[in-house]
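>>> using only what follows, build the 3D model:
(one chain, ligands or ions: 2)
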Amino acid sequence: MMRAVRLHSVGEPLSVDEVPPPPVGPGEVLVDIKASGVCHSDLNYRDGVGTVGHLPIILGHEIAGVVDQIGEGVEGFEVGDRVLVHYVLSCGGCRYCSLGKENLCERYAMIGKDVDGGFAEYIAVPARNLVKLPEGLPFEQGAILGCAVSTPLHALRRAQLKPGEVVVVYGVGGLGVHAVQLASRVYGAGLMVAVDVAEYKLELAKRLGADVVVNPLHEDPVERVREETDGRMADVVVELVGKRETIMKGIECVGRGGRMVLVGIGLEEITLSPYRTIIGKEMELIGVNDHLKSELYQLVDLIASGRLDLSASITHRLAPEEANRALEILEHKLGNPVRVVLVQ
Ligand SMILES: [Zn+2]
Ligand SMILES: [Zn+2]
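Ligands and ions are numbered 1, 2, ... in the order given. Model prediction:
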């Protein structure tokens with residue numbers, strides 16, 4: 001038997017259960033989980049904002065560990081390999097998989113949402129969902145690559161951010177701090193503006209490459225961006241909050257030919273004037289959903305080369321049995337969390 005933290009019913013705390021370890025099918029690998037990141041999405045699944053595939057379910061979609069068992073027909077992995085798990089389960093054969101967009105797969109499923117995830121001792125996953133971790137990369141950092149770092153990278157790639165461009169990041173939490181760091185240090189943004197209501201997040205954003213930080217409780221971000229750019233406004237705005245108000249403010253920050261990138265999950269409707277908002281300045285409105293496995297390889301290389309530093313990203317480490325406490329820390333921002341990780 002193994003320990004697993006499961007959601008039994010929506011709106012209820014998770015419970016620590018003893019369950020049989022998952023069987024390892026052909027093409028699959030059993031991973032001995034060493035670190036499992038806790039994401040804001042896990043709160044959404046618990047609260048019913050996002051629906052899960054079945055109940056009870058093991059949540060957790062930021063997973064890193066060690067290969068423990070190899071299924072039939074698996075090549076390229078050995079017992080003992082350090083790995084991180086790409087949470088997108090895709091068919092590999094549909095139109096979108098063929099285009100290299102497995103996040104849009106017609107038979108898409110997500111580990112830790114549609115099927116059992118990483119708040120457990122072991123997980124069985126298709127070998128093609130694994131990315132090897134280099135020796136020096138800690139498991140906890142490998143785990144958060146799987147969502148908190150890769151989704152912002154996907155967002156900046158979707159935005160086709162170019163060196164020297166003005167970037168505004170709305171919401172510098174677990175994902176946003178990585179958007180700031182990637183935009184300023186990897187992509188060479190010209191001016192990097194970070195917006196958040198939490199001062200500690202703005203402090204961190206500054207350390208990770210933000211040139212200007214704005215707290216909308218004290219100052220209008222739109223006016224500040226106007227000032228900083230002599231009225232030209234931003235080339236790229238990345239929105240990670242998902243509220244109507246922040247999306248609308250973000251759109252106001254977009255300049256001519258700019259791109260508005262929506263990452264934050266929100267259900268509120270927004271109303272736009274096609275001419276004034278989109279057509280007149282040729283604004284592009286871009287949605288971002290998950291990320292690609294190829295981006296995980298990019299991130300591993302960026303860390304190995306020292307161009308990306310995640311040492312400030314993980315603020316809380318807890319035992320898997322404390323998953324409810326981890327969710328509480330995220331929900332109520334106890335102890336100024338950036339990323340919370342369950343470690344074995
Ligand atoms: Zn996530
Ligand atoms: Zn597919």
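
>>> where does pLDDT dip in the protein?
In the predicted model, the chain carries no residue with pLDDT under 70.

>>> number of residues surrounding Val83?
Val83 has 24 neighbouring residues, counting by other Cβ atoms under 10 Å. Glycine gets a C-beta too; all of them are placed from N, C-alpha and C.

>>> if you drop the residues flanking it in sequence, what lies closest to it?
Once flanking residues are discounted, Val83 sits nearest to Leu130: 4.4 Å by Cβ to Cβ, 6 or more residues apart in numbering.

>>> any idea what the one you found is bridged to?
Following DSSP bridges, Leu130 is listed with bridge partners Val85.

>>> which residues touch it?
Contacts for Leu130 were tallied using Cβ atoms under 8 Å, 6 or more residues apart in numbering; they are Val29, Val31, Val67, Phe77, Asp81, Val83, Leu84, Val85, His86.

>>> try 10 Å this time
With contact set as Cβ atoms under 10 Å, 6 or more residues apart in numbering, Leu130 has these partners: 29, 31, 63, 65, 67, 74, 76-77, 81, 83-86, 293, 296.

>>> the strand ranked longest in the chain near ligand 1 anywhere?
In the chain, taking DSSP state E as the definition, the longest strand is strand 28-38. No - under the criterion of Cβ under 5 Å from the ion, ligand 1 is not reached by strand 28-38; the shortest gap measures 7.4 Å.

>>> just after that strand, pick out the following helix or strand.
Moving toward the C-terminus from strand 28-38, the next helix or strand (DSSP states H and E) is helix 40-47.

>>> helices or strands up against that next one?
strand 2-7, helix 323-332 (3 or more Cβ pairs under 10 Å, 6 or more residues apart in numbering; DSSP states H and E).

>>> ligand 2: which of those is closest?
Closest to ligand 2 of the helices and strands packed on helix 40-47, according to Cβ to the ion: strand 2-7, at 26.7 Å.

>>> run through who's touching that closest one.
Outside of strand 2-7, the residues within contact range by Cβ under 10 Å, 6+ apart are 13-22, 32-33, 36, 42, 45-46, 52, 55-60, 116-123, 319-324, 326, 342, 344.

>>> may I see the buried residues of it?
Arg3, Ala4, Val5, Arg6, Leu7 (16 or more other Cβ atoms under 10 Å).

>>> cool, and stretch 38-48?
Within stretch 38-48, the residues scored as buried using 16+ other Cβ under 10 Å are Val38, Cys39, His40, Ser41, Asp42, Leu43, Tyr45, Arg46.

>>> with only the CA atoms kept, save it in PDB.
What follows is stretch 38-48 as a C-alpha-only set of coordinates in PDB (Å, rounded to 0.1, in the frame of the first residue of the first chain):
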ATOM      1  CA  VAL A  38       0.900  22.800  -4.900                       C
ATOM      2  CA  CYS A  39      -0.800  25.000  -7.400                       C
ATOM      3  CA  HIS A  40      -3.600  27.500  -7.200                       C
ATOM      4  CA  SER A  41      -5.500  25.200  -9.500                       C
ATOM      5  CA  ASP A  42      -5.600  22.600  -6.800                       C
ATOM      6  CA  LEU A  43      -7.700  25.100  -4.800                       C
ATOM      7  CA  ASN A  44     -10.000  25.400  -7.800                       C
ATOM      8  CA  TYR A  45     -10.400  21.600  -8.100                       C
ATOM      9  CA  ARG A  46     -11.100  21.300  -4.400                       C
ATOM     10  CA  ASP A  47     -13.600  24.100  -4.500                       C
ATOM     11  CA  GLY A  48     -15.300  22.900  -7.800                       C
END
